Every structure is written in C-alpha cells, then in structure tokens.
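Asks: any chance you could fold what I've pasted below:
(one chain, ligands or ions: 1)
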Amino acid sequence: MDLQLFLSSLLLALLYLLFRSVFHRRRHHHLPPSPPFRLPIIGHMHLLGPILHQSLHNLSLRYGPLFSLHFGSVPCVVASSSFFAKQLLQTNELSFNCRIETTAVKRLTYEASLAFAPYGAYWKFIKKLSMNELLGSRSINNFQHLRARETLHFLRLLAIKGKACEAVNITEELLKLTNNVISRMMLGEAEEARDVVRGVTQIFGEFNVSDFIWLFKKLDLQGFEKRIEDLFQRFDTLVERIISKREEIRKNKRVKNGEIRDFLDVLLDCVEDESLEIKINRIHIKALIMDFFTAGTDTTAISTEWALVELLKHPMLLQKAREEINNVVGNTRLVEESDCPNLPYLQAIIKETFRLHPPVPLVSRRCVEDCNIENYVIPNGTILFVNVWSIGRNPKYWENPLEFRPERFLKNGECDNMDVRGQQFQLLPFGTGRRMCPGVSLAIQEVPALLGTMIQCFDFHVVDHKGKILKGENGAVIDVSERPGLTAPRAHDLVCFPVERSNCPQLNVLAS
Ligand code: HEM
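Replies: Model prediction:
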C-alpha cells in the first residue's frame, strides 16, 4: 500500500513537472526573438559586457528592435526603436509603470523612494508633493538666485586656478556644483553627498547575479553586500545628522508668514501632520533626500560635461555658440537662465548632447501584468529596457548619427520644435509618461545656462593623466568612452587648464 502510494505520488509529481515545463515554455513562447545559446542557470548573461546599453545595442543590430533575453531565469525585453518605445511606454503604459527592485535598490532607497516606489497611492502623493514644493516652476524660479550664486562661485574658482596655471578636474567641480544646487534647494545648505551619490548610481547599474540567479540568491559572489552596506551607512549617517540638526532648529524657531521654507521643512511638517492621507515618517524623508541627490546630481553634471567635451572637440561649433552669446548677452554680464530661450544654438547643442550622450541611457521598467505587443506576449515580471542611447544613434531617425551636429535641431536659425519631454519617441532623455523624470524643467533650465557661462568666460586646455595638453588639428582629441552604471558618464575625468577669456564679464565684481 505504501509502495502504491509512493508510486502514485511520484507519477503525480512527474505529471506536474511535465505540465509546468510545457506551460512555462508556452508562456515564454510568445516572447520577442531571442539570441540562441541560452545557458542553464545564467540564461543570456554571458552575452553582456560591462556597459549594458552598449551590449544591448549590439544585440539589437542582430536580433531586431524588439528582442528578449533571460537574465538568469528572469525574462527581459529590450526595445531599440521609437515605434516599440511608444508601444511599451505610452500605449501600454500601465503595464510598465513600475521599476526593477534589486538588492541594492531595496537597501539604498529604504524601500520608500519616489523613483523606485511601485505606481500607487504613495508614489502619487510623493510625486505631487515634490512637484509642488521642489521641482515645479514656482520653486524652480524661487531658487534661481541660488543656482546663479553656485555658478558664480564655480566660475571664480576656475578663474583663480587659471591665473595660478593650475589644472582643474572639471568632472569633480561640476559634480560639486550640481550637488550643492540640489542640496541647497532641498536642505537650505550645501551638504557634501557626491561621493556616495556616484557610488549609488554606479551600483544601481551593475549586475548582481544574486538578483537574477536563484541558485546564487544567498551567496554574495561579487561582494555587493559589503559595498551596499558601506554606501548605506555613509549616507544614513549624513542624512541623520542633517535631519537632527534641522529638528533642533525647528524646536527653537517658529516659521514666519511669507518665509520660503525648503523641502526638508515641508517634509518635516508632513511628519507632524496627522491629517494627511499618506503618513510620512523619518525613513520616507531619508529616502526622498537620497532620491533627489542621486537623480539630480550626476545626471545634470554628466550632460554639462558631455556638451563641453563635444564643443572642445569641435571648435567651429564652440565659436558659433560664443558668437550667439556675445550677440544676445554681451560681455558685461553672465548668461542667465532667462537668456536661454533667446539662445537657440545653445539649446540645440543641449538637445544634440541628449541625443548622442543621454545621461540615463536605458529607461528601465518592470512589467506588472501580461501584455501583448504586436504578436508577442510579455509576461508579468519581465524587465523592460528601452535603449534610449541606441535610438539616438539609429540612422533611421538621424542622419549621420555619430556626428555631433547641433544644426540638426535648428530650423531657419530657430530651435525646431522637437522637444525632450517625452512626446517624441526618437529622443527620450527624460523618459516619458507618468514615470517620466520630474526634474526635467529644472535640468533644461540649469544645464544650458551653466554651459553658456563656462564657454562665455573660459578657454579650456584639456590635459591627459600625465598633464600633457591634448590638441589635435581640429580640436582637442578627447576620449569619449563611457563608464558602466545607471548613468553614462565619461570613463575618465575631464581635467583642463582654464584660461579666462578677454570678453568674460569681470567675475570678481559681479554681485554674489
Ligand atoms: C539632465 C538631467 C536629467 C536626466 C537626463 C534625467 C533622466 C531621467 C530618466 C530617463 C528617468 C526615468 C524616466 C522614465 O522611466 O520614463 C528619470 C527619472 C527620475 N528623475 Fe531624472 N533626469 C535628470 C535630472 C533630474 C533632476 C535634476 C531630478 C531632481 C532633482 C531628477 C529626478 C528624477 C526622479 C525622482 C525620477 C524618478 C521618477 C519616477 O519614477 O516617478 N532627475 N530621470
């Protein structure tokens, strides 16, 4: 009897396994085409190099604008055309409204951030609060003087270094500046978080096999846990100090009517407000500060640096941009954010930079319900990558796509109406739809003005790591390789000797 029971259980188990494997195959049968050589356990991970968007771009050249892969056992779909970007991110937006949650994301965002929260009541509440109190046009305008002051501080540093014939690490200084801007907007003072921020954006973009291969789930083969913990502790200590200091100040001071409160005050008010539909606590505050530091610092600095590098490589374009600034702004004052609508060539340079060097090269989402795209079925749980970097280099949409040519965005000397706010699917530097970047207005106001002041005031002689000036016949020969991570910065820091130009406004007499 026991043997009979055992044999029938075995038979049932075998039938179940057979059914599961057929069903599983059928479920994945309708996924878009996929490279052969899916290996047991690791799936297609052996096909990926360190820079994910480049690997996915190369695969798209072989397997088409919509293909699928397996990261371990996790299905993943990659879109590399404007058509599929629209299908996935707009037509089927609700199916792809969440993000991937890796071990690093979970720990470093306190599972309470805006950027990684599932689409739902908490996300909606925080998004509205952030737009009303930090990233909407009223706040952006209120804090304009603060960005201008940080820019002037940065330019003065370049001038001092230039006079002393000292090289400046522009990459580092831009990061300091964008860190200070977002920090002052959020916290009222410049808190140094850029090292943690770079570490965080880097680790968010790296592959941790434990996230994708169930066999390795408990093993930390690549030493991620220690790095995550180290970053977490550094950030947590910093943000605890900031919050405690503010709580102390608030105990002793009542806010006067009409006084501009920063974002931290707004968040602390929310903690005290019992009537809110969503309860906010200290963890949420930390998560949001981490969110805006990571999302707002690196991206803005990277775009400014790429734009500058392209101009240094193309002196004729630099000359044209300077002539425009000279005609519109002159040489008695610095370029201001409010000048930018009247500087179409400068605007076109920024758009061309976003096309060729999108700071966030992959828009990544997670499928939350089975979804049909053309004849394919994308199952719940699939990771989606829209390769914005690849779309920006596709000759189908862009003539000579590897050429840096801002003129492609001009029509009769005016900036054309191709915008970067997620309506044109061949240019998606800020993503699209509900999960689109909420910092877009701030970034497109800040980046052109910053670049404008840099080229208005300085010539830059780029040096290599041995201190030798890089000069080619037609502009500096600057390496344009990229570094792995969630964002796509240049692989090597940009180091230059800044030389103040004769028609730079007098930086030392301008009011701070
Ligand atoms: C040049 C600068 C920037 C670029 C290129 C950029 C790009 C992006 C992209 C591509 C996304 C994903 C969008 C999607 O999934 O559709 C994103 C999300 C986000 N960005 Fe930005 N960003 C920039 C600056 C900023 C700034 C200055 C802030 C805030 C201070 C910011 C805050 C965020 C946040 C919070 C999210 C997540 C939104 C959500 O999931 O709901 N970004 N950004």
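Asks: how about the helix ranked longest in the chain and the ligand, touching?
Replies: Counting by DSSP state H, the longest helix found in the chain is helix 282-313. Yes: using CB under 6 Å from any ligand atom, helix 282-313 reaches the ligand at 291, 292, 295, 296, 299, 300, 303. The way it works is simple: take the backbone N, C-alpha and C, and place the C-beta from them, glycine included.
Asks: kindly check the end-to-end length of stretch 116-127 for me.
Replies: Its first and final residues considered, stretch 116-127 spans 12 Å by CA to CA, to the nearest Å.
Asks: what's that stretch in contact with?
Replies: 94, 97-99, 101, 105, 109, 112, 114, 276-278, 284, 288, 368, 434-435, 438 (CB atoms under 8 Å, 6 or more residues apart in numbering).
Asks: how about the nearest residue to the residue nearest to the spatial centre of the chain, chain neighbours excluded?
Replies: Most central in the chain under CA atoms, centre = their mean is residue 360, positioned 4.1 Å from the mean C-alpha point. The shortest distance from residue 360 to any non-neighbouring residue, by CB to CB, 6 or more residues apart in numbering, is to residue 487 (5.9 Å).
Asks: could you check how far that neighbour is from the ligand?
Replies: 8 Å (CB to the nearest ligand atom, to the nearest Å).
Asks: got a list of what that residue touches?
Replies: 201, 205, 298, 299, 302, 359, 360, 361.
Asks: save the residues of helix 282-313 next to the ligand as TSV, and put in neighbour count and pLDDT too.
Replies: Listed next are those as TSV, based on neighbours: other CB atoms under 10 Å; pLDDT from 0 to 100:
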residue	neighbour count	pLDDT
291	22	91
292	23	94
295	23	91
296	26	91
299	25	95
300	24	96
303	28	98
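Asks: let me see the contact set for the residue in the stretch 201-350 of the chain that the ligand sits nearest to.
Replies: Among the residues of the stretch 201-350 of the chain, residue 296 lies closest to the ligand, at 2.8 Å counting by CB to the nearest ligand atom. Taking CB under 8 Å, 6+ apart, we find residue 296 in contact with 178, 181, 182, 439, 442, 443.
Asks: please list the outside residues in contact with whichever helix or strand comes after the longest helix of the chain.
Replies: Using DSSP states H and E, the helix or strand that follows helix 282-313 in sequence is helix 315-328. For helix 315-328, contacts defined as CB under 8 Å, 6+ apart pick out 310-312, 335, 339, 342-346, 349, 404, 406, 452, 455-456, 474-475, 503.
Asks: element containing residue 235, please.
Replies: Residue 235 is part of helix 224-252, with elements assigned from DSSP H and E.
Asks: could you do residue 196 as well?
Replies: Using DSSP H and E, residue 196 sits within helix 194-204.
Asks: could you give the mean pLDDT of the helix or strand just after that helix?
Replies: Along the chain past helix 194-204, the next helix or strand (assigned with DSSP H and E) turns out to be helix 209-212. The average pLDDT for helix 209-212 rounds to 86.
Asks: just give me how far stretch 380-391 sits from the chain centre.
Replies: 15 Å (CA atoms, centre = their mean, to the nearest Å).
Asks: again, but for stretch 116-134
Replies: With CA atoms, centre = their mean, you get 18 Å for stretch 116-134.
Asks: okay, buried residues for that stretch please.
Replies: For stretch 116-134, the neighbour count (16 or more other CB atoms under 10 Å) marks 116, 117, 119, 122, 123, 125, 126, 127, 129, 130, 133, 134 as buried.
Asks: would you format those as a markdown table with secondary structure and distance to the ligand included?
Replies: Formatted as a markdown table, these follow (DSSP: H, G, I helix; E, B strand; the rest coil; distance: CB to the nearest ligand atom, whole Å):
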| residue | secondary structure | distance to the ligand |
| --- | --- | --- |
| 116 | coil | 7 |
| 117 | coil | 7 |
| 119 | coil | 8 |
| 122 | helix | 11 |
| 123 | helix | 6 |
| 125 | helix | 12 |
| 126 | helix | 9 |
| 127 | helix | 6 |
| 129 | helix | 12 |
| 130 | helix | 7 |
| 133 | helix | 12 |
| 134 | helix | 7 |
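Asks: which elements pack onto the host helix or strand of residue 141?
Replies: For residue 141, the element it lies in under DSSP H and E is helix 137-142. If you count contacts as 3 or more CB pairs under 8 Å, 6 or more residues apart in numbering; DSSP states H and E, helix 137-142 packs onto helix 440-457.
Asks: CA atoms only for the helix it packs on - export them in PDB, please.
Replies: Taking C-alpha atoms only, helix 440-457 is exported to PDB below (Å, rounded to 0.1, in the frame of the first residue of the first chain):
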ATOM      1  CA  VAL A 440      13.200  67.800 -16.500                       C
ATOM      2  CA  SER A 441      12.200  71.500 -16.100                       C
ATOM      3  CA  LEU A 442      15.000  72.100 -13.600                       C
ATOM      4  CA  ALA A 443      17.600  70.300 -15.800                       C
ATOM      5  CA  ILE A 444      16.700  72.100 -19.000                       C
ATOM      6  CA  GLN A 445      16.900  75.400 -17.300                       C
ATOM      7  CA  GLU A 446      20.100  74.700 -15.400                       C
ATOM      8  CA  VAL A 447      22.300  72.900 -18.000                       C
ATOM      9  CA  PRO A 448      22.300  75.400 -20.900                       C
ATOM     10  CA  ALA A 449      22.900  78.400 -18.600                       C
ATOM     11  CA  LEU A 450      25.700  76.600 -16.900                       C
ATOM     12  CA  LEU A 451      27.300  75.600 -20.100                       C
ATOM     13  CA  GLY A 452      26.700  79.100 -21.500                       C
ATOM     14  CA  THR A 453      28.600  80.800 -18.700                       C
ATOM     15  CA  MET A 454      31.500  78.300 -19.000                       C
ATOM     16  CA  ILE A 455      32.100  78.900 -22.700                       C
ATOM     17  CA  GLN A 456      31.400  82.600 -22.300                       C
ATOM     18  CA  CYS A 457      34.200  83.000 -19.700                       C
END
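Asks: re earlier: closest to residue 479 among the contacts of residue 296?
Replies: residue 178 (22.2 Å; CB to CB).
Asks: which pLDDT value goes with that closest one?
Replies: 95.
Asks: buried residues in the helix holding residue 196?
Replies: 194, 196, 197, 198, 199, 200, 201, 202, 203, 204.
Asks: likewise for stretch 317-326?
Replies: In stretch 317-326, counting by 16+ other CB under 10 Å, buried: 317, 318, 320, 321, 322, 324, 325.
Asks: show me which pair in those is furthest apart.
Replies: Farthest pair in the buried residues of stretch 317-326, by CB to CB: 317 and 325, 12.9 Å.
Asks: list the contacts of the residue nearest to the centre of the chain.
Replies: 299, 388, 429, 431, 437, 486, 487, 488.
Asks: equivalent analysis for residue 285, please.
Replies: Contacts of residue 285 by CB under 8 Å, 6+ apart are 239, 243, 264, 267, 268, 271.
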